[in-house]
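Asks: Structure here, sequence nowhere to be found:
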DNA sequence: TTGTAAGCGTTATCAT
DNA sequence: ATGATAACGCTTACAA
């Protein structure tokens, strides 16, 4: 006999009344509440969440989908878990390694009612195919999807990028290289457009030969600097996909005896803790706030309550590398 | 009518046979399997995992408990999620901010059958009180618990520490400072004992005035260097709680014009990606492998199958800061 | 190989 | 305020 049934038996009340006490329903006499509560405590009772989930159709779990975990993702993840917990939701992490089948498992988990909603950090499946899952629960994306079905809470990185460009040009750097992330992502496109538009507007050279793609890690950053040294041509400045790329470039530049910022100015992206430690100029990216926005979007659908998010902006943080 | 019932009706088979097909039981005729499978696909059927969990008593979810997320934890988390997924388990992250009540929620989730098992990364509640939860499911810890009820897969960090000490002394650094983590943790105790024992065995000075506690972040590392400069006394070498502390120290040392390693040698811990990028001497800590061990320990109880873990060891990685 | 029927532990809808 | 009863969707003895 389950503890629930024991409570029924010991208290003499019905299944329904016991349930009401558990869920703090007001329609219970003080007498019943006191008696049932006492027995619950005595039995060290705790509801079985699978039974609750089956009955209510809600798991109070949100899935978070990402290709890999890294420091940038970590900032989002940490804040999201926190805010979700505040609203009574747990967070399940799905790492996909960019494998479409593996990624699909997360979406199937929405369908099978394992999670109530999904946040996409990065995804590799075609948005067109993913949108069929929207019927099973709310989905919101950090990555820009270029798809109306799956809303994105991403900010336009081109805005931040322009801040960095203005800063560089003001300081006299005009030959600028760009380290992009995923070649086909909307963020990359947005950054690239910002760069080209800004340079043209200033009558400055657009150096497409200094575009590098798939530059994500500090190791990638190091490699590019080595490559430049081998080719014996250095830009005056470089805009990096994130701070970790900037760290790699800065470190390798020092190793190679390149003066920073005199011979090479470096700008990161995100304003991570380490960019401050290492004195890297960067663009502050309110990642945690975006995580909160993401949860609010889900909550809106799940909890039927609109929360107006605060307006977010990029900000240039000038340090020693420019 | 649920899809399950629809399948029963459409196929003409019973509830049990349909269930057998879903679960790939061999005791089904090819005919039945074919027919039921076809209908399942036609209906786009997927089992409701809450119902499965309620019925089987298993959620196929593991909870991971930690005070905060950081880069060191990330290495563990990433590998754990991966290996768990390989075995069909999802991972739920519980961040506690060192709040006991919040931490307890994770343990209550074990009791309420939300998760099948728990991995503790860091925990703040008294192990004595936590062990009452062991009856509800397997618990394994990365942090050393000093408690037989909750097994730990931690390695003895003193071993790694000694490696670093031998390296430093061999290179002529004898005045050594120690940056510890949590003052009362077993890891800290183990490192401190390794230091004191090694120094005494070599007839070298044990500098307790150069013990610093609660040094976790790069910012903490920077502060200590600033403090030393203010006090105008520098050790010859410093052993850091982790690589991020080392990064902070290295960065601040450069800022202050301190020559590394001539005036100050720096050793990190963990061998994170950035320690390589920045050329920091460190101790390789097989964190990912420990995550795998942790899962194996849980699996052993959950899946009734013993997996012999491979033996793990620390290794000194000499780079430019020593 | 297949079927029957009893769980699993709650919530929710009606009545009363 | 309380109770009876039917979901919720699946698994699993036990029988046949």
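Replies: That came in fine, so what should we check first? All values reported here derive from a predicted model rather than from experimental measurement. Numbering: from 1, shown residues only, chains lettered A, B, ... in the order given.
Asks: closest point of the stretch 201-322 of chain A to DNA strand D, which residue?
Replies: Nearest residue of the stretch 201-322 of chain A to DNA strand D (Cβ to the nearest atom of the strand) works out as residue A:302 at 17.9 Å. Every residue, glycine included, has its C-beta placed from N, CA and C.
Asks: and the helix or strand where that residue lies, does that touch DNA strand C?
Replies: In the assignment (DSSP states H and E), residue A:302 maps to helix A:287-303. No - using Cβ under 7 Å from any atom of the strand, helix A:287-303 never reaches DNA strand C; the gap is at least 14.1 Å.
Asks: For residue A:89, see how far away residue A:152 is.
Replies: 20 Å (Cβ to Cβ, to the nearest Å).
Asks: the more surrounded of those two?
Replies: Neighbours were counted for residue A:152 and for residue A:89 using other Cβ atoms under 10 Å in any protein chain shown; residue A:89 has more, 23 against 19.
Asks: who's in contact with that one?
Replies: A:60, A:61, A:62, A:116, A:295 (Cβ atoms under 8 Å, 6 or more residues apart in numbering or on different chains).
Asks: before we move on, the earlier item: in the helix holding residue A:302, what counts as buried?
Replies: For helix A:287-303, burial by neighbour count (16 or more other Cβ atoms under 10 Å in any protein chain shown) applies to A:287-299, A:302.
Asks: Of those, which is the nearest to residue A:317?
Replies: residue A:287 (13.9 Å; Cβ to Cβ).
Asks: just checking, residue A:312 is part of a helix?
Replies: No - counting by DSSP: H, G, I helix; E, B strand; the rest coil, residue A:312 is not part of a helix but coil.
Asks: State the pLDDT value of the closest residue to it other than its chain neighbours.
Replies: Leaving aside its chain neighbours, residue A:312 sits nearest to residue A:286 (4.8 Å; criterion: Cβ to Cβ, 6 or more residues apart in numbering or on different chains). On pLDDT, residue A:286 comes in at 98.
Asks: measure residue A:286 to residue A:315 for me?
Replies: With Cβ to Cβ as the criterion, residue A:286 and residue A:315 are 9 Å apart.
Asks: could you check whether stretch A:207-215 is close to chain B?
Replies: No - using Cβ under 8 Å from any Cβ of the partner chain, no contact is recorded between stretch A:207-215 and chain B, whose separation bottoms out at 13.7 Å.
Asks: oh, I was asking about stretch A:259-279
Replies: Yes - counting by Cβ under 8 Å from any Cβ, chain B is contacted by stretch A:259-279 at A:273, A:274, A:276, A:277, A:278, A:279.
Asks: Which one of residue A:286 and residue A:315 is surrounded by more residues?
Replies: Neighbour comparison, residue A:286 and residue A:315: the larger count goes to residue A:286, with 19 against 12 (by other Cβ under 10 Å).
Asks: Could you identify the helix or strand that succeeds the lowest-mean-pLDDT helix or strand in chain A?
Replies: The helix or strand with the lowest mean pLDDT-type score in chain A, counting by mean pLDDT, DSSP states H and E, is helix A:127-130 (a mean of 91). With elements assigned by DSSP H and E, the helix or strand that comes after helix A:127-130 is strand A:139-141.
Asks: low pLDDT regions in chain A?
Replies: Nowhere does chain A drop to pLDDT under 70.
Asks: And the strands in it, which stretches?
Replies: Applying DSSP state E to chain A gives strands spanning A:61-66, A:90-95, A:117-120, A:139-141, A:176-179, A:211-212, A:237-239, A:265-267, A:282-284, A:315-317.
Asks: is the last one up against chain B anywhere?
Replies: It stands for strand A:315-317. No - using Cβ under 8 Å from any Cβ, strand A:315-317 stays clear of chain B, with a minimum separation of 15.4 Å.
Asks: If you count contacts, what does that strand end up packed against?
Replies: In this structure, strand A:315-317 makes packing contacts with helix A:157-170, strand A:282-284, judged by 3 or more Cβ pairs under 8 Å, 6 or more residues apart in numbering or on different chains; DSSP states H and E.
Asks: just the third one next, same as before
Replies: Helices and strands in packing contact with strand A:117-120 are listed as strand A:61-66, helix A:100-111, strand A:139-141, helix A:287-303; criterion 3+ Cβ pairs under 8 Å, 6+ apart.
Asks: redo that, cut-off 6 Å
Replies: Here strand A:117-120 touches strand A:61-66, strand A:139-141, going by 3 or more Cβ pairs under 6 Å, 6 or more residues apart in numbering or on different chains; DSSP states H and E.
Asks: Thanks again, I'm all set now.
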